[in-house]
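In: Here is a sequence with its predicted model. Questions after.
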Amino acid sequence: MARKKKKKRRLKKGAALVLKWSIAMIIIGTAAFFLMNMVYNRGIYVKTHPLVLDMEEDVSAEDFIETYDDTEVLVTFVDMPVHQIGKQTVEFVVENKKGRSKKYTQTLEWVHKDKTAPQINGVHNITVTIGDTVSYLDGVSAVDDVDGPVNVTVEKVSVNTRQTGTYPIAYLATDSAGNLAKVNASVTVVERAQDWQEAYALVDSVLAKITTPQMSLGQKAKAIFDYAHNNITYAGVRLADDWDAEWYAGLQNIEQNGTTGGDCYTYYAVANVLLQRAGAETMRVERQNAGDGSHHYWILCNVGTGWYHFDATQISNGFTCFMLTDKQVRDFTQIKPNFYDFAADRYPATPQTEFVLQ
């Protein structure tokens, strides 16, 4: 008996296509599952950085982490850092939510951070005559307890030297830690006296107050010395940028307020105009060869007995320079180096005998 041949079953074309797509999706899904699982369970990769903290600040392990590749991580110290000045090595562990972890090492430094702003010295209110240039930083400096000398800048946008008035200014200094110091001051712009008649009227009124017609020229010089010496306070800064404006501003301040701040520039200018107006001969003397680049001005004065050194500036150690000889100022310069160092060949020599007030 002959066997019947089995007929091969063939899937319809549509069913075969569905089957192929199903198998492909299973393969793709399985691959994606394993790939995602591999990515999710890969190692912990983070970027860390060292820390420098003030002793008053707290620290956590997370502070050392800059970036990481998993949004859900736990960062913990292996051992808590020691809270003391100086550098130390710290260890911390980064763990993701799947329990995979990695240990990192970084540096922690505790310091006492600088929180003190620089100190600005020499700030003063400035008076100038209309149209003058303002020397904002003359005599002004700043020093920081950590950085030492630091730069000073001036906020002066509102100042108009072509218009009379008082304008606010501010001096600023910043140290390397970002601490800012600010000191406020003002610039006063005054009218220039018409043909100087008003200014010289002020000089004459001062002379009338401090001298008498019966005084000798030497006695008048002593009264002028005392007036400038006692009524000008040495502040290390000048009032204006030219001699005439300086003595005018100085005399105005003294007569209105009883005193004025200033420096040797002010003492010279005020005393010089009063001496000249009183009838004395004067000559300006300027320091030379100062190692620190500083300036000093004083007067050679002749009241009829020869040229003598006249410096109304308030000087340390109680030293006064009223009508002194070359030898006397040189002797003081031995005590205070360079103070009265001047080019002697440019000026007339003083008498060898000391001045006698009479």
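Out: Cool, got the structure.

In: So for stretch 302-314, first residue to last residue, what's the gap.
Out: Stretch 302-314 has an end-to-end distance of 21 Å (C-alpha to C-alpha, to the nearest Å).

In: Sort out which residues of that stretch are buried, please.
Out: N302, V303, G306, W307, Y308, H309, F310, D311, A312, T313, Q314 (16 or more other C-beta atoms under 10 Å). Placement of C-beta: from N, CA and C, glycine included.

In: can you check stretch 200-207 too?
Out: For stretch 200-207, burial by neighbour count (16+ other C-beta under 10 Å) applies to L202, V203, V206, L207.

In: could I have the helix or strand hosting the last one exported to CSV, CA atoms only?
Out: Translated: L207. Using DSSP states H and E, L207 sits in helix 197-210. Output of helix 197-210 as CSV, limited to C-alpha atoms (Å, rounded to 0.1, in the frame of the first residue of the first chain):
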residue,chain,number,x,y,z
GLN,A,197,41.2,142.4,45.2
GLU,A,198,38.9,140.4,47.4
ALA,A,199,41.7,137.8,48.1
TYR,A,200,44.2,140.4,49.1
ALA,A,201,41.6,142.2,51.2
LEU,A,202,41.4,139.0,53.1
VAL,A,203,45.2,138.9,53.5
ASP,A,204,45.2,142.5,54.8
SER,A,205,42.4,141.8,57.3
VAL,A,206,44.4,138.9,58.7
LEU,A,207,47.6,141.0,59.0
ALA,A,208,45.5,143.8,60.7
LYS,A,209,44.4,141.2,63.3
ILE,A,210,47.7,139.6,64.1
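
In: what mean pLDDT does it have?
Out: Averaging pLDDT along helix 197-210 gives 92.

In: Let me know the angle separating the helix or strand following that helix from helix 197-210.
Out: As assigned by DSSP H and E, the chain's next helix or strand after helix 197-210 is helix 217-231. Computed by axes from the mean of the first three to the mean of the last three C-alpha atoms, to 10 degrees, the angle separating helix 217-231 from helix 197-210 equals 100 degrees.

In: Distance from the chain centre to helix 217-231, please.
Out: A distance of 38 Å separates the centroid of the chain from that of helix 217-231, by C-alpha atoms, centre = their mean, to the nearest Å.

In: next one: stretch 299-312
Out: The answer for stretch 299-312 is 40 Å, by C-alpha atoms, centre = their mean.

In: Straight-line length of that stretch, end to end?
Out: 9 Å.

In: what comes into contact with it?
Out: With C-beta atoms under 8 Å, 6 or more residues apart in numbering as the contact definition, stretch 299-312 has outside contacts at 216-218, 220-221, 224-225, 228-229, 232, 264, 267-268, 270-272, 275, 280-285, 298, 321-326, 328-329, 340, 347-351, 355-356.

In: which residues sit in contact with S135?
Out: By C-beta under 8 Å, 6+ apart, the neighbours of S135 are I126, R238, D241.

In: Need the residues you listed in JSON lines (columns: distance to I85).
Out: Listed next are the contacts of S135 as JSON lines, based on distance: C-beta to C-beta, whole Å:
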{"residue": "I126", "distance to I85": "45"}
{"residue": "R238", "distance to I85": "46"}
{"residue": "D241", "distance to I85": "50"}
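
In: Please flag which of those sit within strands.
Out: Among those, DSSP state E puts I126 in strands.

In: Quick one, which of the contacts of S135 are buried?
Out: I126, R238, D241.

In: all strands in the stretch 201-350 of the chain, in order from the N-terminus.
Out: 232-234, 260-262, 281-286, 297-302, 307-311, 321-324 (DSSP state E, counting those that start in this stretch).

In: Out of the ones you listed, which one sits most buried?
Out: strand 307-311 (a mean of 25; mean count of other C-beta atoms under 10 Å).

In: Using PDB, write down the CA coordinates of that strand.
Out: Extracted in PDB, the C-alpha atoms of strand 307-311 (Å, rounded to 0.1, in the frame of the first residue of the first chain):
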ATOM      1  CA  TRP A 307      68.100 135.300  54.600                       C
ATOM      2  CA  TYR A 308      66.900 132.700  57.200                       C
ATOM      3  CA  HIS A 309      64.900 129.500  56.900                       C
ATOM      4  CA  PHE A 310      61.200 129.900  57.700                       C
ATOM      5  CA  ASP A 311      59.000 126.800  57.900                       C
END
